[in-house]
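>>> Any chance you could fold what I've pasted below:
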Amino acid sequence: MVRPSLRKEMAQWAVRHRSISIRLSCRTFSISETCYRYQPKLSDENERIADHLLALVKAKEMWGFGLCYLYLRNVKGFGWNHKRVYPTG
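Modelled structure (predicted):
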């Protein structure tokens with residue numbers, strides 16, 4: 001099984017280099033046209049979250065994610081939920 005992100009890259013390659021339509025390419029690689037056209041929106045707020053987490057981890061090395069999240073949420077007053085704050089990859 002091939003990851004959707006890789007199928008999207010293959011579909012984009014086929015459109016660019018093989019001059020086939022987007023519709024045919026999406027159908028061939030089993031992705032939706034919405035997936036093909038999707039562009040992620042990176043916000044400045046993500047950078048702010050990362051900066052706050054890094055500063056907090058340097059100050060409180062023994063704290064895990066849960067304590068860092070609760071500190072940012074309850075003490076600092078940020079309204080971010082745990083899914084937004086959780087560091088990925």
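>>> Show me where this protein has its helices.
4-18, 22-28, 33-37, 44-59, 65-70, 82-85 (DSSP state H).
>>> Make CSV out of these and add mean neighbour count and mean pLDDT.
To be clear about C-beta, it is placed using only N, CA and C from the backbone, and glycine gets the same treatment. Below are those laid out as CSV (neighbours: other C-beta atoms under 10 Å; pLDDT from 0 to 100):
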stretch, mean neighbour count, mean pLDDT
helix 4-18, 14, 94
helix 22-28, 15, 96
helix 33-37, 13, 94
helix 44-59, 12, 87
helix 65-70, 14, 89
helix 82-85, 12, 82
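>>> TSV for those helices, including distance to residue 76?
Compiled in TSV, those are given as follows (distance: least, C-beta to C-beta, whole Å):
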stretch	distance to residue 76
helix 4-18	34
helix 22-28	44
helix 33-37	36
helix 44-59	7
helix 65-70	10
helix 82-85	11
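>>> Spit out the contact partners of residue 44.
Neighbouring residues of residue 44 by C-beta atoms under 8 Å, 6 or more residues apart in numbering: there are none.
>>> What's the local residue count around the nearest residue to residue 79 once chain neighbours are set aside?
Counting by C-beta to C-beta, 6 or more residues apart in numbering, residue 73 is the residue found nearest to residue 79 once chain neighbours are left out, at 7.6 Å. Residue 73 sits with 15 neighbouring residues when counted by other C-beta atoms under 10 Å.
>>> quick one: residue 73 and residue 66 touch, right?
No: Residue 73 is not in contact with residue 66 according to C-beta atoms under 8 Å; the separation is 10.5 Å.
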